[in-house]
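Colleague: predicted model and sequence below, questions to follow.
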Amino acid sequence: MIRYDPQQATFYRDKLMERVKEDVAECYQCGNCTAGCPAAFTFDYPPNKIMRMLQVGMVDEVLASKSVQLCIQCLTCTARCPRNIDIAGIFEDLKTIAVVREMKVPEDADKFNRLFLQNIAKYGRLSEAMFLVRFNLASRKPMNDAGLGLPMMSKGKLEFLPKKSGGADEVGRIYKKALERSTWEN
């Protein structure tokens, strides 16, 4: 049974309107997002149910779900939405909120997201080798996929030493500002 908290629903609806420029109330539960989602089988709640939960103010439950963290941001849900709602954008904003709140998430997704964003903030782009080393160490699997690294480096597909892009400092500034704004507290 879905509970409805009108104050919380209105508060978070307004926050999403402000941050993502999307209105979850526009969703009429057609299910196209869920039908097209290639990762929905890994979710505890399908995308259309996440949208419904947001409509009724169940944001804490949404943030604690596997669905938000396991979204692969392929944008299929957004492309298929007949109401043109940026569902992937909403999921991405929720993912950022969960990172800032340091919420427990499944399968090292929190470490992956945090290290991925820190890597981009530092270098202005993804430094794959540095990211993989840091992620494998953080997830306590230091030799995970190690056998793939040397062949990729020998073929020039992976750079061992990270290089900063031209706009790395600006990307880092944007990242820092996004983290500062990533709160929904009153």
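Modeller: Looks like it arrived, so ask away.
Colleague: on the C-terminal side of the one helix or strand in the chain whose mean pLDDT sits lowest, identify the next helix or strand.
Modeller: Among the helical and strand segments of the chain, the one scoring lowest on mean pLDDT, DSSP states H and E is helix 146-154, with a mean of 76. Sequence-wise, the next helix or strand downstream of helix 146-154 (DSSP states H and E) is helix 168-181.
Colleague: who are the packing partners of that following helix?
Modeller: Secondary-structure packing of helix 168-181 (3 or more C-beta pairs under 8 Å, 6 or more residues apart in numbering; DSSP states H and E): helix 87-100, helix 109-123. To be clear about C-beta, it is placed using only N, CA and C from the backbone, and glycine gets the same treatment.
Colleague: from the chain's centroid, how far away is it?
Modeller: Chain-centre distance of helix 168-181: 16 Å, with C-alpha atoms, centre = their mean, to the nearest Å.
Colleague: in that helix, what's buried?
Modeller: Applying a neighbour-count criterion of 16 or more other C-beta atoms under 10 Å, the buried positions in helix 168-181 are 168, 171-172.
Colleague: same question, stretch 16-35
Modeller: So, applying 16+ other C-beta under 10 Å, buried residues of stretch 16-35: 16, 19-20, 22, 24, 27, 32-34.
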